[in-house]
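Chemist: model this:
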Amino acid sequence: MEMVGEARLEAAREVVWDALNDPAVLQASIPGCESLESTAENEFTATVVSKVGPIKARFAGKVSLSNIAPPRSYTLTGEGSGGAAGFARADIEVSLDALEPTVTLLRYGVKANVGGKLAQLGSRMIDAAARKSADDFFELFRKQVDGRASDSTLSSGVQPAGMQAFMQQLSAPVGEAATVEAPAVASVAATAPVATEGVTAKASTSEAVPAASEPGRAPAPRDVPAQPAPTPVSQVPAAEAQAAVMDVLTSEKIKVWISDQVAVVTLNRPGSRNAMTYGMWLAMPSIVAALDRNPEVRAVIITGAGADFCAGADIPEFEKVRADVAQATTYEVAVDACCDAIANISKPTVAVLRGYCLGGGAHLAMSCDFRFAGQDAMMGIPAARLSIIYGVKGTRKLLSLVGLAEAKKILYGGQRFDATHALRIGFVDQVAGLGVVASGRSLWERLIGAKQQVARSDPMAEARTFATSLAGNAPLSMAGAKYLLNGMAMGTGALDLVRSEALIAAAAASDDYREGRAAFREKRAPKFQGS
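Modeler: Predicted coordinates:
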């Protein structure tokens, strides 16, 4: 018998991991478990009373843990004998994905064998009983974890110490003026530490922040000159820019969290459907620049808090920040600088889209390399309903994704379209759970009260799995490929051939290239360092 499943738990991954390794929690969660005692490191003896159809028996056996990779996964093996009822053995692969700082997805896969009288009951009855036991286990385990999670102090994406360091760096003195085209708002945020799981990474204050120029720009390899920064279109007073950025950080309008080499950047205004304020447009480039410099980050996910990704720009503040032509120009420059920073980061980016993804939110999503949507996602660019012409860069990204005819429909009509349509025209790359039908319950499952299995439909879970798989690849290869592909997609003049050849040569001369060849020869997984 084989069975797979998952459970979403409202607790930090470390809390769930500790619970999975606590004999008292496991005993309280296993249906019919009378005792579970530790006999050696990662080994237990257990007594479990189980009923399958007409057969009820007390199984005595042992449980052991192997392939332990804290706090991510292990293999649980259980063997028991029920006397005349027969015997049972199960190997259970358990893995934990940290979807959010306080949300964990537990996945499991079971391979089990039974013998004796149990084997005579037939696979359907055994499978139904096993499914019911799994449902009961996770319901009980969830209650145990909830009790522990309520005592946990982990409550936000940025730890208090990390936020304090972040604020200290951003409160450093600045010059008289800063151009909003620079990703870090000039020297306002020349360094931007980002909180990891127990680690706060700081960028060097002497390290220059790369300018946001051509899409897909990879960091210049050593001895390769960087492209010059573009001529500023507009300038924002340094004090005004700094105040706007500081407001975003102190009020946590944007949160950053790093786990398993994947950074999650969350737009955090759920009450306003995560609409982007002017300060958020200004603050995002400094955050992205810090993630680009952070060696602990190999991929970036951008998402929204609550039910929505981003409903676009915060229109209620337009009377203050976009009231005339000059302000409108400055505002659009800030939007482009934000989206360029996302497009130009050398690391793979994934947008996780739930609910509304409209206007400026669509530009944010299109600036990412990939877009994973929930079935409830609703996209649209309502510029025509506001007498606004969508920006050149946003329009170019839309055209490259969906083609001329679909781009005209979207921009001329200003209509919203759902995730299924977005997938069909190429606006998104994947829709969570689409095409997966919930499995019906068999007669035995209905009789014993097993729950109907529901198709997985969480785009964050799928995006994290995808991003984590990318994080294991060679950073220089991905950065170079991103620069080449984005430059080619943007048309003539967007790709610097000399720089492209320099990136290719730098990768060929890297330690990672030698590591890749050695791993291939030795038939092992490579360990890339990004150099």
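Chemist: what's the helix or strand where M379 lies packed up against?
Modeler: Following DSSP states H and E, one finds M379 within strand 378-380. When contacts are defined as 3 or more Cβ pairs under 8 Å, 6 or more residues apart in numbering; DSSP states H and E, strand 378-380 packs onto strand 356-358, helix 360-367, strand 417-418, helix 419-425. (C-beta placed from N, C-alpha, C; glycine too.)
Chemist: direction included, what does the third one pair up with?
Modeler: Each strand paired with strand 417-418, and its direction, by DSSP bridges: strand 378-380 (antiparallel).
Chemist: and the contacts of the partner strand?
Modeler: 353, 355-359, 362, 365, 410, 414-419, 422, 427-428 (Cβ atoms under 8 Å, 6 or more residues apart in numbering).
Chemist: run the chain-centre distance for that strand.
Modeler: Put simply, strand 378-380 sits 20 Å off its chain's centre (Cα atoms, centre = their mean, to the nearest Å).
Chemist: repeat that for stretch 56-69.
Modeler: Taking Cα atoms, centre = their mean, the mean C-alpha location of stretch 56-69 is offset from the chain mean by 33 Å.
Chemist: just stretch 281-294 next, same as before
Modeler: 17 Å.
Chemist: I'd like the average pLDDT over it.
Modeler: Averaging pLDDT along stretch 281-294 yields 92.
Chemist: which residues touch the closest residue in space to R58 that isn't next to it in sequence?
Modeler: Using Cβ to Cβ, 6 or more residues apart in numbering and skipping residues adjacent in sequence, the residue nearest R58 is V49, 5.1 Å away. When contacts are counted by Cβ under 8 Å, 6+ apart, V49 touches 32, 34, 56-59.
Chemist: any idea which of these is closest to S400?
Modeler: Nearest to S400 among these is G32, at 57.9 Å by Cβ to Cβ.
Chemist: looking at the contacts of V49, which is nearest A525?
Modeler: F59 (37.8 Å).
Chemist: neighbours around that closest one, how many?
Modeler: 22 (other Cβ atoms under 10 Å).
Chemist: repeat that for the one 4 residues further on.
Modeler: Taking other Cβ under 10 Å as the neighbour definition, V63 ends up with a count of 23.
Chemist: and it, which of the three is it?
Modeler: Assigned with DSSP: H, G, I helix; E, B strand; the rest coil, V63 falls in the strand class.
Chemist: if I read this right, it contacts A46, doesn't it?
Modeler: Yes: V63 lies in contact with A46 (Cβ atoms under 8 Å); the separation is 5.3 Å.
Chemist: now do the shared contacts for these two.
Modeler: In contact with both V63 and A46: 36, 78, using Cβ under 8 Å, 6+ apart.
Chemist: can you redo the helices and strands packed on strand 378-380 as a markdown table with mean pLDDT, distance to I302 and mean neighbour count?
Modeler: A markdown table is the format used below for the helices and strands packed on strand 378-380 (pLDDT from 0 to 100; distance: least, Cβ to Cβ, whole Å; neighbours: other Cβ atoms under 10 Å):
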| stretch | mean pLDDT | distance to I302 | mean neighbour count |
| --- | --- | --- | --- |
| strand 356-358 | 97 | 11 | 27 |
| helix 360-367 | 96 | 7 | 27 |
| strand 417-418 | 96 | 20 | 17 |
| helix 419-425 | 96 | 17 | 18 |
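Chemist: of all these, which one is nearest Q529?
Modeler: helix 360-367 (27.3 Å).
Chemist: how about residues contacting the strand or helix carrying R514?
Modeler: Counting by DSSP H and E, the secondary-structure element that holds R514 is helix 511-522. Outside of helix 511-522, the residues within contact range by Cβ under 8 Å, 6+ apart are 474-477, 507, 525-531.
Chemist: try 10 Å
Modeler: In this structure, residues lying in contact with helix 511-522 by Cβ atoms under 10 Å, 6 or more residues apart in numbering are 473-477, 506-507, 510, 524-531.
Chemist: right, and K143 touches A28 too?
Modeler: Yes: with contact defined as Cβ atoms under 10 Å, K143 reaches A28; the gap is 8.4 Å.
Chemist: and those two? Which one has more around it.
Modeler: Just comparing K143 and A28: by other Cβ under 10 Å the higher neighbour count belongs to A28, 15 against 12.
Chemist: tell me the contacts of that one?
Modeler: Counting by Cβ under 10 Å, 6+ apart, A28 has contacts 19, 22, 36, 140-141, 143-144.
Chemist: which residue ranges of the stretch 251-400 of the chain form strands?
Modeler: 254-259, 262-267, 299-304, 349-353, 356-358, 370-373, 378-380 (DSSP state E, counting those that start in this stretch).
Chemist: and the angle for the second one with strand 299-304?
Modeler: Okay, so that is strand 262-267. Between the axes of strand 262-267 and strand 299-304, defined by axes from the mean of the first three to the mean of the last three Cα atoms, to 10 degrees, the angle is 20 degrees.
Chemist: and Q529, helix, strand or coil?
Modeler: Under three-state DSSP, Q529 comes out as coil.
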